[in-house]
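I'll drop the sequence and a predicted model, then ask my questions.
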Amino acid sequence: MFDLTTVWLLMVIMAVISLFWQVRQFAELASKVAQNYCKRHHLQLLSVAQQSWRLSWKKGPKLFVIYDLNYSADGLTAKKGEIVLCNGKVEQVHHWS
């Protein structure tokens, strides 16, 4: 019924679906963090976009996902910031003036 090739193919498909699901959860978390951060610092949130991601194996497996944070302090000029997530938790958020 199932040969080894089919099993491996199903495992790869499930891994891709799982990775997509995790990336979507990270994007939702980054969006919420950006909204709260901008509200707390009296900034206007313009956009949040994924910049990059990387895997690290130091002290266990870690998935770092970095998001660009675009905001405006005065409503006229756009400025950038960054949100760094590590394994689904906020590592740091900062913006540049």
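Great, that's in hand.

neighbours around Y67, how many?
By other C-beta atoms under 10 Å, 24 other residues sit near Y67. Every C-beta, even on glycine, is put in place using the N, C-alpha and C of the backbone.

And it, which helix or strand is it part of?
Y67 is located in strand 62-72, with elements delineated by DSSP states H and E.

Show me what that strand pairs with in its sheet, parallel or antiparallel.
With DSSP bridges as the test, strand 62-72 is paired with strand 44-56 (antiparallel), strand 79-86 (antiparallel).

Which residues does the last one contact?
By that I understand strand 79-86. With C-beta atoms under 8 Å, 6 or more residues apart in numbering as the contact definition, strand 79-86 has outside contacts at 26, 29-30, 33-34, 37, 48, 51, 62-73, 90-97.

Pull out the buried members of those residues.
26, 29-30, 33-34, 37, 48, 63, 65-71, 93, 95 (16 or more other C-beta atoms under 10 Å).

give the contact list for H94.
81-82.

ok, the helix or strand encompassing it: who's next to it in the sheet?
Assigned by DSSP H and E, H94 falls within strand 89-95. Strand pairing for strand 89-95, using DSSP bridges, gives strand 79-86 (antiparallel).

Can you point out the buried residues in the partner strand?
For strand 79-86, by 16+ other C-beta under 10 Å, it's 81, 83-85.

Can you show me the CA trace of that strand as PDB?
Coordinates of each C-alpha in strand 79-86 appear next as PDB, following Å, rounded to 0.1, in the frame of the first residue of the first chain:
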ATOM      1  CA  LYS A  79      11.200  55.600   9.800                       C
ATOM      2  CA  LYS A  80      12.400  52.000  10.300                       C
ATOM      3  CA  GLY A  81      12.700  49.600  13.200                       C
ATOM      4  CA  GLU A  82      13.200  46.000  13.700                       C
ATOM      5  CA  ILE A  83      11.500  43.100  15.600                       C
ATOM      6  CA  VAL A  84      13.500  40.000  16.300                       C
ATOM      7  CA  LEU A  85      11.700  36.800  17.300                       C
ATOM      8  CA  CYS A  86      13.500  33.700  18.600                       C
END
